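Asker: The sequence and its predicted three-dimensional model are supplied below.
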Amino acid sequence: MGYVSGLKCRECGREYPVDPIYVCEFCFGPLEVVYDYKKIKRVLTRKNIEKRENNLWRYKELLPIDGEPQVGLNSGFTPLIKADNLAGELGIKELYIKDDTVAHPTLSFKDRVVAVALTKAKEFGFDTVACASTGNLAHSVSAHGAKAGFKRFVFIPATLEPSKIVASLVYEPNLIAVDGNYDEVNRLCSEIANKYKWAFVNINIRPFYAEGSKTQGFEIIEQLGWKAPDNVVVPCASGSLLTKVWKSFKEFKKIGILKKLDTKVFAAQATGCSPISLAIKQGTDVIRPVKPNTVAKSLAIGNPADGFYAIQAVKESRGYGEDVSDEEIIEGIKMLARAEGIFAETAGGVTLACTKRLIETGKIGRDETTVICITGNGLKTQEALDGHTAAPHYIKPNLASFEEVLKKIGGK
Amino acid sequence: MAVKVRIPTPLQRLTQGKEEVDGVSGTIMELVTDLDKRFPGIGERISEGGKVRRFVNIYVNEEDIRFLKAEDTIVKDGDEVSIVPAIAGGARQ
C-alpha cells in the first residue's frame, strides 16, 4: 500500500479520491497529492534511503504511487558537482551544480517527472500515454514510454527544429505535428484529453507527474550530506519545478530527515519571458501573461500555470527572482562549459546568468552555500550557439601547417 | 440592451444550460453579485471575498481584465463578458 491519502484542491481545499483528474470541479484550482506524513516518517529514514538503489525511487514513499516503481528504474540520482572553478569566477565560496544534463534516458529533468507519471499511468490501467511538448518532455515520454510498452501520442508544433523531431521519432511514438503554435497545441490536447481515455502526462496525470520534480530537491539534500543549502537557484517555465523543489525541502524537514531548513529559493527566467520574476520584483502575486520572445525556448511559457505558487515559495523562503537577456544566457552557457566542462541547454544559461546577477546584487551572499539546478543538456539546443562560438583552426594535413596555427594560438 | 455574459460549460448547470445570459452594467464585481442573485451559487464559483478566483479568467470584449482594472473594471451595456476557467488555456468554450 502507498502513502497517499487522496487529492486536494490547492485553492479551496476540497478533497478528491486518487483518480486521473487534475482540476477542482468547484473553483477550477489545481489538485495536489496529499500524503500521510506520519506513516512516511516511520519508514523513510536516512539509513533506509542510503541502502537503496541510486535512482529517484529511493524516495518512493514521498512519490504518489501505490505499488512498486515500474518506469524509470535508472532515472534520477544525477551528480551534484562541487563547482570550484565557477565559484572562483563568480567570487563565492561554495557552489554546487545539480547536473540533470546527464539524466537517464533523455538528458533532462523531465525524465524524473515522466518516470513517476508513467508508473502512475500503469497503476491507473492506461495503455496509451500522451503529451504536448516542444522538446524535452516529448523526448522523455517517447523514450520512457517505449521501454514501458505504452502506445504513445506526442503532440508538437509543426515548426519545431528537425533535430528535436528526430530525437523523439527515433523511439517511434505517434508524433503529431500540429499546424499551430505551442499554445494552440496545448489547447487542442486539452480537448483530446477530454475525449480519449489516455494518460496525458501534463494534463490529467499532472498532479502525479509534477511530484516527480521533488526528487531533484531530495537528492540535493542527500548529496550535500543531509543538509539544506543556503540558496538554491531554479529556472522557471511553468514554475512547477521551483514549487516542488521547495516542497521537497519542507517535506524532508517535516518527516525529520532535515534538522534545519533555512534555504532561500530563487527563480531564474529570461527577460524575454519573465512573468514570474517580474511579479516577484514588483512585489505582487498577480501574474501578467506575456508573449515570449527569448532564446530559452524550453522556458518560454507566457502564462505559467504554477506561477502563483512559485512566487509564494520564493516569498516564504525569503528568496528573490531575477531575469537575464539573451546575450547573458549565451554567455552563461559558455561560462558553464568553460569553467566546469558542462554543456547545458539554454535554461542552464538562464540559471547561471541569473545566479551571477544575484551574487553581484548581494541577494546571494558570497560566504554562503549555493546550489544551481541545471535541468537539460546543451546538445539538444545547439542552434542557440550558432555564431557564438569560435571557429575551428583549419590546416593542411602536414606538420608545418599545424605549427603555423600553433604559433598563432600561442601554444609554443 | 444589457451586458452579454458568456458562461463556461462547467457553470451552465447553474444557468439552466444557458451559454449566454444578460448582466448588469457597473464593475465586474457588481455584475457577479447580480448574476448570483439570479443564478444562486454562481458567485462563489467565480469569486471569493470580492476577488475573482485565481483560476477563473474574465475577459471584457476579448481583453483579460488583469490588463484592465481587474475587479474594478467597468462594463457597460453592449459589452461582452466571458468567464473562462484558466485550465482551458484561454480558449473560448
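Answerer: Yep, it's here. For clarity, every value in this text was computed on a predicted model and none was experimentally measured.

Asker: from here on, contacts and neighbour counts on C-alpha atoms
Answerer: OK.

Asker: Tell me the secondary structure at the residue lying closest to A:Pro207 once chain neighbours are set aside.
Answerer: Distances taken as Cα to Cα, 6 or more residues apart in numbering or on different chains place A:Glu32 nearest to A:Pro207, at 5.4 Å, with adjacent residues excluded. Under DSSP: H, G, I helix; E, B strand; the rest coil, A:Glu32 falls in the strand class.

Asker: wait, what's in contact with A:Glu32?
Answerer: Contact analysis of A:Glu32 by Cα atoms under 8 Å, 6 or more residues apart in numbering or on different chains lists A:7-10, A:22, A:207-208.

Asker: Buried ones among those residues?
Answerer: Buried members of the contacts of A:Glu32, scored by 16 or more other Cα atoms under 10 Å in any protein chain shown, are A:7-10, A:22, A:207-208.

Asker: Please flag which of these sit within strands.
Answerer: Cross-referencing those against strands under DSSP state E gives A:7-9.

Asker: got the contact list for stretch A:170-186?
Answerer: Residues from elsewhere that reach stretch A:170-186 (Cα under 8 Å, 6+ apart): A:132-134, A:142-143, A:146, A:151-159, A:168-169, B:89.

Asker: wait, I meant stretch A:317-327
Answerer: Around stretch A:317-327, the neighbours that count as contacts under Cα under 8 Å, 6+ apart are A:262-272, A:274, A:276-278, A:280-281, A:294-296, A:314, A:350, A:353-354, A:357-358, A:363.

Asker: mean confidence for it?
Answerer: Mean pLDDT, stretch A:317-327: 98.

Asker: if we can go back for a sec, would you mind giving the ones in strands among the buried ones among the contacts of A:Glu32 as CSV with pLDDT added?
Answerer: Listed next are these as CSV, based on pLDDT from 0 to 100:
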residue, pLDDT
A:Leu7, 97
A:Lys8, 97
A:Cys9, 96
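
Asker: Could you list which residues are in contact with the residue nearest the centre of chain B?
Answerer: The structure's chain B has its C-alpha centroid closest to B:Ile83; by Cα atoms, centre = their mean the separation is 4.3 Å. Neighbour list for B:Ile83: B:5-8, B:56-59 [criterion: Cα under 8 Å, 6+ apart].

Asker: How many residues are close by A:Ala177?
Answerer: 15 (other Cα atoms under 10 Å in any protein chain shown).

Asker: so it sits in a helix?
Answerer: No: assessed with three-state DSSP, A:Ala177 is strand; it does not lie in a helix.

Asker: how much space between it and A:Glu53?
Answerer: A:Ala177 sits 38 Å away from A:Glu53, going by Cα to Cα, to the nearest Å.

Asker: which residues does B:Val21 bridge with?
Answerer: B:Val5 (DSSP bridges).

Asker: neighbours around it, how many?
Answerer: Residues lying near B:Val21 (other Cα under 10 Å) number 14.

Asker: wait, what's in contact with it?
Answerer: Residues counted as contacts of B:Val21 (Cα under 8 Å, 6+ apart) are B:4-7, B:15.

Asker: quick check: longest helix of chain B.
Answerer: For chain B, the longest helix by residue count, based on DSSP state H, is helix B:28-38.

Asker: Could you list every helix and strand in contact with it?
Answerer: Applying 3 or more Cα pairs under 8 Å, 6 or more residues apart in numbering or on different chains; DSSP states H and E, one finds that helix B:28-38 contacts strand B:20-23, helix B:42-46.

Asker: And the ones you listed: which comes nearest A:Asp111?
Answerer: Closest approach to A:Asp111 among the helices and strands packed on helix B:28-38 (Cα to Cα): helix B:42-46, 36.5 Å.

Asker: can the helix or strand that the closest one is followed by be found next to chain A?
Answerer: Sequence order places strand B:47-48 as the next helix or strand after helix B:42-46, per DSSP states H and E. No: residues of strand B:47-48 are not located near chain A by Cα under 8 Å from any Cα of the partner chain, the shortest gap being 8.6 Å.

Asker: Give the partner strands of strand B:47-48 in its sheet and their orientations.
Answerer: Within its sheet, strand B:47-48 is paired with strand B:51-52 (antiparallel), according to DSSP bridges.

Asker: distance between the strand it pairs with and the chain's centre?
Answerer: Chain-centre distance of strand B:51-52: 10 Å, with Cα atoms, centre = their mean, to the nearest Å.
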